[in-house]
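**Student:** Need a 3D model of the following:
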Amino acid sequence: MAAVAPNFAILLDLAKETSSEKRRELLRQVTDVFLSDGSARTESEAAVFDEIVGAVAADLESQVRVELARKVAESGAPLGRTARRLALDVIEVARPVIEKSRALTERDILDVIDQKGQDHMMAVTKRPDIGERVSSALVERGEDRVVVSLLENAAARMNRATYERVADRAQNNPVLHAPFVKNQHVPLDLLNTVYLQVENGLRREIMRKFHGVSPAELEAALETSRNTLSAAYGAVPSDFQLATEYVGDLEKKGAIKPPVLVQFLREGRRTAFLISFAKMVGIDFDLTQRLVEGQDVDALAMLCRGAGFDRALFVTLCLLIGGQDYGMAKAEAFGQLYEQVPIAAAQRALRFWKVRAKNTDAAAA
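**Tutor:** Coordinates of the predicted model:
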């Protein structure tokens with residue numbers, strides 16, 4: 001204790017000193033000794049340091065607080081009071097403490113999110129110990145850049161409800177697409193919900209994840225999807241009822257098979273085609289209509305591949321759906337696209353889309 005006693009004397013002097021210049025010098029002296037090896041300090045010694053330095057920190061100049069914050073952030077000493085004060089300071093002071101200090105509690109971090117702004121939240125997303133409560137608060141209050149940074153933190157833990165909120169935001173928010181899809185912990189069924197909104201490269205990433213999942217994980221995700229997924233309803237074509245009856249009559253005769261899809265398109269029976277395609281693939285009419293009207297060839301390739309359609313049928317359907325937009329030169333490109341879709345991954349992804357169709361039917365009943 002002999003070596004420590006002089007440091008306590010400096011601490012007492014620091015507490016009493018009113019001169020800013022002398023206070024800065026005393027602070028540097030005591031922090032250089034106390035924070036150089038935090039593990040060597042007892043709890044009582046650290047408590048005295050924490051109490052005095054925490055009390056005087058607010059009166060220090062910004063640059064001095066920045067210097068102090070860097071030292072506190074790297075220290076292993078239990079300086080909760082000082083760390084909290086610094087974390088709630090201006091961002092230049094707060095950033096290193098928020099990002100690194102082990103002295104901050106979860107309550108401290110939640111208070112930072114609640115009381116400070118987006119830059120402070122960005123600093124929180126860099127921490128290596130982000131739990132579910134903190135993640136939830138960041139998604140609730142944070143701007144897109146905050147959510148992106150959170151998703152890119154591989155160590156951050158997020159619960160199902162938080163991932164669902166991010167999935168909802170990602171539906172119409174392209175900046176969230178890549179970090180959401182690339183996050184290794186996003187539930188499979190939620191990846192499926194953003195499939196139609198993301199660009200082709202990210203769709204392939206989703207397919208890779210479906211391809212690599214175990215049967216047990218897939219079944220668990222499907223069960224969750226059965227309980228949570230819902231579908232939006234859109235306006236049906238004016239001839240929907242007549243087309244439904246027409247397709248129903250053919251279905252009774254066993255005539256609704258893949259080749260009839262080409263026949264319907266060539267005859268201009270587009271609604272009958274949509275109804276039949278939805279039945280064969282096992283998805284809802286609304287989704288089928290959106291994919292076909294949007295000429296979403298990439299998604300149609302996944303559905304046709306998963307349903308077992310052959311390459312020639314898929315290419316023909318694409319050419320007929322596109323009409324004048326697609327010339328025969330597109331045929332080879334469509335064929336290559338179809339071959340690039342992994343069958344197993346497409347079949348697994350299609351199971352989620354079928355769950356959605358069942359939910360739609362149940363909701364409409």
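**Student:** Helices of the stretch 151-300 of the chain, residue ranges please.
**Tutor:** Using DSSP state H, counting those that start in this stretch, the helices of the stretch 151-300 of the chain run over 160-170, 177-182, 188-194, 200-212, 215-228, 240-252, 258-266, 270-281, 285-293, 297-307.
**Student:** Kindly list the main-chain dihedrals of residue 101?
**Tutor:** Note on residue 101: its backbone torsions stand at phi -70, psi 130 [degrees, to the nearest 10].
**Student:** who's in contact with it?
**Tutor:** Neighbour list for residue 101: 72-73, 75, 83, 86-87 [criterion: CB atoms under 8 Å, 6 or more residues apart in numbering]. Every C-beta, even on glycine, is put in place using the N, C-alpha and C of the backbone.
**Student:** circling back to that earlier point, select, out of the helices of the stretch 151-300 of the chain, the one closest to residue 319.
**Tutor:** Residue 319 lies closest to helix 258-266 among those, at 9.3 Å (CB to CB).
**Student:** what's the spacing between the closest one and its chain's center?
**Tutor:** Helix 258-266 has its C-alpha centroid displaced from the chain centroid by 40 Å (CA atoms, centre = their mean, to the nearest Å).
**Student:** Out of the helices of the stretch 151-300 of the chain, point me to the one whose mean pLDDT is lowest.
**Tutor:** When those are compared on mean pLDDT, helix 215-228 scores lowest, with a mean of 72.
**Student:** Point out the other helices and strands that it packs with.
**Tutor:** Packed against helix 215-228 by the contact rule (3 or more CB pairs under 8 Å, 6 or more residues apart in numbering; DSSP states H and E) you find helix 188-194, helix 343-364.
**Student:** Low-confidence ranges, the stretch 51-200 of the chain, go.
**Tutor:** Low-confidence segments of the stretch 51-200 of the chain, defined by pLDDT under 70: 54-59.
**Student:** For residue 349, which non-adjacent residue is spatially closest?
**Tutor:** Spatial nearest neighbour of residue 349, chain neighbours left out: residue 210 (4.9 Å); criterion: CB to CB, 6 or more residues apart in numbering.
**Student:** that older thread, compare the mean pLDDT across the helices and strands packed on helix 215-228 and name the weakest.
**Tutor:** helix 343-364 (a mean of 75).
**Student:** Looking at the helices of the stretch 151-300 of the chain, which is nearest to residue 91?
**Tutor:** That would be, of those and by CB to CB, helix 177-182, which comes in at 22.5 Å.
**Student:** Tell me which residues are up against the closest one.
**Tutor:** By CB under 8 Å, 6+ apart, helix 177-182 touches 147-148, 151-152, 166-167, 170, 186, 191, 194, 197-199, 202, 205-206.
**Student:** Could you look up the SS state of residue 60?
**Tutor:** At residue 60 the chain is in coil, as set by DSSP: H, G, I helix; E, B strand; the rest coil.
**Student:** my guess is it contacts residue 68, does it?
**Tutor:** Yes. The criterion here is CB atoms under 8 Å, and residue 60 meets it with residue 68 at 7.1 Å.
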